[in-house]
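[1] this one's structure only:
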């Protein structure tokens, strides 16, 4: 449900779609444990990249 509704959300500051400044990394419960664990590290790596570029970053797992 979240992935269906999320693209419809708007950024209160700009009025634009929230998806224009969002990165989603998703996995499913039936993925192997190693793949689920790897998605955490992918998210951290992407967050560090944007942080190093000077952006404010929030990471939720």
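    All right, it came through fine. Predicted model, so just to flag it, every value in this text is computed and none were measured.
[2] okay, residue 53: pLDDT?
    According to the per-residue confidence, residue 53 scores 98 in pLDDT.
[3] ok, now how distant is it from residue 47?
    Between residue 53 and residue 47 the distance, using C-beta to C-beta, to the nearest Å, works out to 11 Å. Backbone N, C-alpha and C define where each C-beta goes, glycine included.
[4] higher neighbour count, these two?
    Under the neighbour definition other C-beta atoms under 10 Å, residue 53 and residue 47 were set side by side, and residue 47 has more, 17 against 8.
[5] secondary structure element holding residue 45?
    If you go by DSSP states H and E, residue 45 is part of helix 33-52.
[6] so residue 36 makes contact with residue 26?
    No: under the criterion of C-beta atoms under 8 Å, residue 36 is not in contact with residue 26, lying 10.5 Å apart.
[7] so those two - more neighbours on which side?
    residue 36 (13 against 8).
[8] ok, and the closest non-adjacent residue to the more buried one?
    When the adjacent residues along the chain are set aside, residue 36 lies closest to residue 27, with 5.1 Å between them (C-beta to C-beta, 6 or more residues apart in numbering).
[9] neighbours around the one you found, how many?
    14.
[10] so it touches residue 39, yeah?
    Yes: applying C-beta under 8 Å as the test, residue 27 and residue 39 come out as touching, 4.7 Å apart.
[11] pick out the residue nearest the middle of this structure.
    For the chain, residue 24 is the residue whose C-alpha lies nearest the centre (C-alpha atoms, centre = their mean; 3.0 Å).
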